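**Q** Below are the sequence and a predicted model; questions follow.
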Amino acid sequence: MQTTRHTLPHGVGLLQDPTLNKGTAFTEAERDALGLRGLLPPQVQAQEDQVARVLGNLRKKPNALEQYIFLIALQDRNETLFYRLNPGESR
């Protein structure tokens with residue numbers, strides 16, 4: 001009997017999974033190990049920096065509907081970042 005080992009997706013498959021995708025927050029070592037080299041912008045960006053950037057973009061939206069659409073699109077591509085957001089916090 002052969003056992004199968006559950007492994008995480010690599011490369012594009014990993015980036016397409018919103019529950020695992022961290023965007024530019026993947027470290028250099030993670031990028032090498034997970035086959036992400038060349039699939040992301042070259043600069044690593046801490047999640048705190050990503051949160052600040054996304055909150056700035058969110059606050060530029062002209063109304064609640066645009067903000068909702070922006071947040072749903074974020075959740076569809078990067079749940080880690082989506083759940084780190086706190087739109088009510090001041091920066």
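**A** Here it is on my side, so go on.
**Q** what ranges do the helices span in this structure?
**A** Along the chain, counting by DSSP state H, helices occupy 11-15, 28-33, 47-59, 64-77, 79-84.
**Q** so which of those helices gets nearest residue 39?
**A** When the helices of the chain are compared by C-beta to C-beta, helix 11-15 sits nearest residue 39, at 6.1 Å. C-betas here are computed from N, CA, C, even on glycine.
**Q** got the contact list for the closest one?
**A** By C-beta atoms under 8 Å, 6 or more residues apart in numbering, the residues outside helix 11-15 that reach it are 8, 20-21, 34-36, 39-40.
**Q** from those, which single one is nearest residue 60?
**A** residue 21 (23.1 Å).
**Q** What residue, apart from its backbone neighbours, is nearest the closest one spatially?
**A** residue 78 (4.9 Å; C-beta to C-beta, 6 or more residues apart in numbering).
**Q** List phi and psi for the one you found.
**A** Phi and psi for residue 78, reported as degrees, to the nearest 10, are phi -160, psi 80.
**Q** Number of residues surrounding it?
**A** A count of nearby residues for residue 78, using other C-beta atoms under 10 Å, gives 24.
**Q** List the contacts of it.
**A** 18, 21-23.
**Q** before we move on, what about residue 43?
**A** Per C-beta under 8 Å, 6+ apart, neighbours of residue 43: residue 24.
**Q** Surely residue 21 is in contact with residue 76?
**A** No. Counting by C-beta atoms under 8 Å, residue 76 is not a contact partner of residue 21; they are 10.0 Å apart.
**Q** Tell me which of those two has more neighbours.
**A** residue 21 (19 against 10).
**Q** show me what contacts the more buried one?
**A** Here residue 21 is in contact with 14-15, 77-80 (criterion: C-beta under 8 Å, 6+ apart).
**Q** try 7 Å this time
**A** 14-15, 77-78, 80 (C-beta atoms under 7 Å, 6 or more residues apart in numbering).
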